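Student: would you be able to build a 3D model of this:
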Amino acid sequence: MGSRRTGRERALQALYQLDQNDKATAQDAVESAWAASEDPRDDAAHVFATELVAGVRERLAALDELIEQHSQNWRIDRMQRVDRNVLRLGVFELTQRSDIPRKVTINEAIELAKMFGTEDSAAFINGVLDRIAIAVNKARPDMSLVKEPSLHTVDALEDIDAVVCLLTEDQRPLEGGAGFVDWRLCGALSRAISSGFFTGSPGEKLLVPSEGRVPAPMIFAVGLGRLGSVTSLGLEHALSESVVMLQKAKAQHIAVTVPLLPQLDASGIRGVLARALVAKWKDGRVVVVGSPALETSGAPVPSGDAARAVSR
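Tutor: Below you'll find the predicted structure:
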């Protein structure tokens, strides 16, 4: 069993206890849950469980309000104790932990419901979390996640359906995220460029099957033009065309590699990404592989009064 699965189990048990005795601290509740389990200590799982419990307790009222909004007239105090605490964990992850894919959060919550709830718990929790996840995703104001380019980042794109590599005409050899993708593709992008099959000119697009070398099944190269001439308008046009292309390919979760562009600072690139890509991508996750300077603070939050309370 993975550390996070174990951590979620202990967090659920701790929250169950806190429902009966809300005077205890998150740390004490997790310690008690661990002692009752008689399992060997797992430091990573313990830290994760404590983060979850502390986060839920800090935002409890707002999380409960959000759950009630999407639970079809079920008040939180009328729900099974296991069910409401599984939902609290799930909603906390959806709204505050953008490092955890939505699908993972929902699947893990369903597993917890099957292990600790009634025979009706899994279906109930799946329905509520799915509705909340859609609401959270539609209200996402900026990049859901920014990852620094590395082979580890490329290898970790397990939940991603398609990767878009933004390429210029004159950045050779390929650098940044595109360079690491090309490395895993055994130079397939570089060969397409050296043969003249793809040049990186504005509006140019190329599909390269990953053939299992990259977790995402589809790799798209999209041209930006000459490195020193890429403007915000040119970047926005390339991203808008990428959205259309990805929708036709029926991709849901996507990643985009973004090169450093001399004409644009990080704030400018971030604004174009948010406006031309993330704001238009309603039903899935967006991972930006680029400079850490592109990252914005804060996790995606739902809209409305509950959202403002959860995000504080």
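Student: quick one: contacts for the nearest residue to Gln27 once chain neighbours are set aside?
Tutor: In this structure, Gln27 finds its nearest non-sequential neighbour in Thr50, 5.9 Å apart by CB to CB, 6 or more residues apart in numbering. For the C-beta atoms, the positions are set from N, CA and C on the backbone; glycine is no exception. Contact criterion CB atoms under 8 Å, 6 or more residues apart in numbering gives 11, 26-27, 30 as the residues in contact with Thr50.
Student: just the residues you listed now: which is nearest Thr257?
Tutor: Nearest to Thr257 among the contacts of Thr50 is Ala11, at 34.5 Å by CB to CB.
Student: show me what contacts that closest one?
Tutor: If you count contacts by CB under 8 Å, 6+ apart, Ala11 has them with 30, 33, 48-50, 52-53, 56, 89.
Student: hmm, try it at 6 Å
Tutor: 49, 52-53, 89 (CB atoms under 6 Å, 6 or more residues apart in numbering).
Student: that one and Arg57, how far apart?
Tutor: 11 Å (CB to CB, to the nearest Å).
Student: also Pro40?
Tutor: 26 Å.
Student: quick revisit: wait, a helix at the residue nearest to Gln27?
Tutor: Yes. The assignment for Thr50 (DSSP: H, G, I helix; E, B strand; the rest coil) places it in a helix.
Student: got a pLDDT number for it?
Tutor: On pLDDT, Thr50 comes in at 91.
Student: who touches stretch 85-94?
Tutor: 11-12, 15-16, 52, 55-56, 63, 66-67, 100, 105, 109, 112-113, 125, 128-129, 132-133, 136.
Student: one more pass at 8 Å, please.
Tutor: Judged by CB under 8 Å, 6+ apart, the contacts made with stretch 85-94 from elsewhere in the structure are 8, 11-12, 15-16, 19, 52, 55-56, 59-60, 63-64, 66-67, 71, 79, 100, 102, 105-106, 108-109, 112-113, 116-117, 121, 125, 128-129, 132-133, 136.
Student: wait, Ala24 touches Leu18, no?
Tutor: Yes. Ala24 sits in contact with Leu18 when judged by CB atoms under 8 Å, with a separation of 6.1 Å.
Student: ok, these two, which is more surrounded?
Tutor: With neighbours defined as other CB atoms under 10 Å, Ala24 and Leu18 compare such that Leu18 has more, 22 against 17.
Student: state the distance from that one to Ala35.
Tutor: Separation of Leu18 from Ala35 (CB to CB) stands at 15 Å.
Student: go on, Ala44?
Tutor: Ala44 sits 18 Å away from Ala35 when distances are taken as CB to CB.
Student: name the residue in these two with the higher neighbour count.
Tutor: A side-by-side neighbour count of Ala44 and Ala35, using other CB under 10 Å, places Ala44 first with 12 against 9.
Student: which pLDDT value belongs to the more buried one?
Tutor: Model confidence at Ala44 (pLDDT) stands at 87.
Student: go on, the one 3 residues further on?
Tutor: The model reports Val47 with a pLDDT of 88.
Student: pull the number of nearby residues for it.
Tutor: 13.
Student: one more: the one 10 residues further on?
Tutor: Residue neighbour count, defined by other CB under 10 Å, stands at 19 for Arg57.
Student: so for the helix or strand it falls within, what gets flagged as buried?
Tutor: Secondary structure from DSSP states H and E places Arg57 in helix 43-58. Of the residues in helix 43-58, those scored as buried under the neighbour-count criterion (16 or more other CB atoms under 10 Å) are 45-46, 48-57.
Student: strands of this structure, start to end?
Tutor: Secondary structure of the chain (DSSP state E): strands located at 145-147, 162-168, 205-209, 218-225, 254-257, 286-289.
Student: please report the distance of the residue nearest to Val256 when sequence neighbours are not counted from Ile254.
Tutor: Beyond its immediate neighbours in the sequence, the residue positioned closest to Val256 (CB to CB, 6+ apart) is Val164, lying 4.5 Å away. As for Val164, its distance to Ile254 is 7 Å (criterion: CB to CB).
Student: overlap of the contact sets of these two?
Tutor: By CB under 8 Å, 6+ apart, Val164 and Ile254 have these common neighbours: Leu246.
Student: higher neighbour count, the two?
Tutor: Shown here are Val164 and Ile254; by other CB under 10 Å, Val164 has more neighbours (28 against 25).
Student: wait, the more buried one touches Gly223, no?
Tutor: No. In terms of CB under 8 Å, Val164 does not count as a neighbour of Gly223; the distance is 11.3 Å.
Student: list of residues touching stretch 163-172?
Tutor: Surrounding stretch 163-172, the residues in contact under the criterion CB under 8 Å, 6+ apart are 157, 174, 177-178, 181-182, 189, 193, 198-201, 210, 214, 216, 218-227, 230, 235, 238, 242, 246, 254-259, 289.
Student: ok, of those, which come out buried?
Tutor: If you count burial by 16+ other CB under 10 Å, the buried members of the contacts of stretch 163-172 come out as 157, 174, 177-178, 181-182, 189, 193, 198, 200, 210, 214, 216, 218-225, 227, 230, 235, 238, 242, 246, 254-259, 289.
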